[in-house]
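K.L.:
next input, structure requested:
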Amino acid sequence: MSDKTMSADEAVARLESGMTLGIGGWGSRRKPMALVRALLRTGITDLTVVSYGGPDVGLLAAAGRIRKLVTAFTTLDSIPLEPHYRTARESGAFELAEVDEAMFMWGLHAAANRLPFMPVRAGLGSDVMRVNPGLRTVTSPYEDGETFVAMPALRLDAALVHMNRADRAGNGQYLGPDPYFDDLFCEAADTAYVSCEQLVDRLGTTALDKEAAPQTLLLSRSSVTGVVETPNGAHFTSCDPDHPRDEPFQKLYATTPYDRFAERFLAGDEEAYQSAVQTWHKERR
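P.N.:
Numbering: from 1, shown residues only. The predicted structure follows:
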């Protein structure tokens with residue numbers, strides 16, 4: 001098995017402007033924030049971002065990197081609507097395709113299975129069809145003759161996800177309460193880059209595996225291109241059980257204009273970011 005480890009900067013160096021980029025996690029939970037911060041250090045722009053959105057979307061939108069967003073929501077969880085996303089959207093900074101959560105999931109399923117679309121009931125009888133005039137319906141060819149939404153595949157050029165643990169071959173494990181569809185993001189993408197709180201020699205052979213349920217081994221190396229060890233790399237989102245959401249810092253992020261936030265926290269590399277966060281916490285005590 002090949003060693004797929006790389007740095008965050010090496011991972012994002014493989015991305016290009018104009019790509020369709022999927023970002024895993026859910027709202028302000030287990031987001032690959034170290035990879036997003038690395039992406040912000042590049043000149044990559046004109047992205048179509050596919051995400052159950054959180055601060056990943058907020059940062060990229062505020063920085064002007066998004067051309068189109070495909071999402072079911074964009075939230076910080078404890079703050080219902082992501083404020084930097086809202087500001088960018090209200091100014092018309094990018095195109096938005098907003099769909100039902102289940103439609104989003106089945107769009108990833110379709111892409112992961114290399115299908116052009118999946119028939120779903122979600123969206124029928126709602127404004128989803130009105131605000132997305134490109135969506136079509138299909139009729140069952142069987143006796144029921146039921147009508148479904150034909151949710152198009154959410155095919156990705158690349159995906160970024162964050163795991164609690166990963167090995168050098170690209171197998172990934174989550175230890176928190178939910179997989180958040182990160183496996184589908186990787187399977188729907190041509191390339192997938194996994195950051196992790198801790199890199200282990202080989203999943204499937206460690207004591208950790210014996211302590212956790214088999215289904216926590218979420219990502220298969222066959223769908224992963226690169227692995228990046230990023231301790232606290234989901235900050236300020238949660239990555240249970242390794243660390244909770246940093247609520248005080250999230251409040252700072254939500255109430256600070258992007259330019260000021262970026263000047264203090266995003267001007268350097270990941271080590272500088274983590275150091276700046278620690279300094280801020282010490283100052284507020």
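K.L.:
got a list of contacts for stretch 118-129?
P.N.:
98-103, 106-107, 109-110, 135, 137-138, 140, 147-151, 153 (C-beta atoms under 8 Å, 6 or more residues apart in numbering). The way it works is simple: take the backbone N, C-alpha and C, and place the C-beta from them, glycine included.
K.L.:
for that stretch, buried residues please.
P.N.:
118-120, 122-123, 128 (16 or more other C-beta atoms under 10 Å).
K.L.:
in helices, which of these appear?
P.N.:
Per DSSP state H, helices hold the following members of the buried residues of stretch 118-129: Val128.
K.L.:
doesn't Leu96 belong to a helix?
P.N.:
No - looking at Leu96 with DSSP: H, G, I helix; E, B strand; the rest coil, it is strand, so not inside a helix.
K.L.:
name the element the residue nearest to it when sequence neighbours are not counted belongs to?
P.N.:
What sits nearest to Leu96 in space, not counting adjacent residues and going by C-beta to C-beta, 6 or more residues apart in numbering, is Leu69, at 5.3 Å. Using DSSP states H and E, Leu69 sits within strand 66-71.
K.L.:
which is the succeeding secondary structure element to that strand?
P.N.:
Downstream of strand 66-71, the next assigned helix or strand under DSSP H and E is helix 83-90.
K.L.:
rewinding a little: in helices only, show me the contacts of stretch 118-129.
P.N.:
101-103, 106-107, 109-110.
K.L.:
okay if I get these as a markdown table plus pLDDT?
P.N.:
As requested, the ones in helices among the contacts of stretch 118-129 are exported to a markdown table (pLDDT from 0 to 100):
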| residue | pLDDT |
| --- | --- |
| Glu101 | 96 |
| Ala102 | 96 |
| Met103 | 97 |
| Trp106 | 98 |
| Gly107 | 98 |
| His109 | 98 |
| Ala110 | 98 |
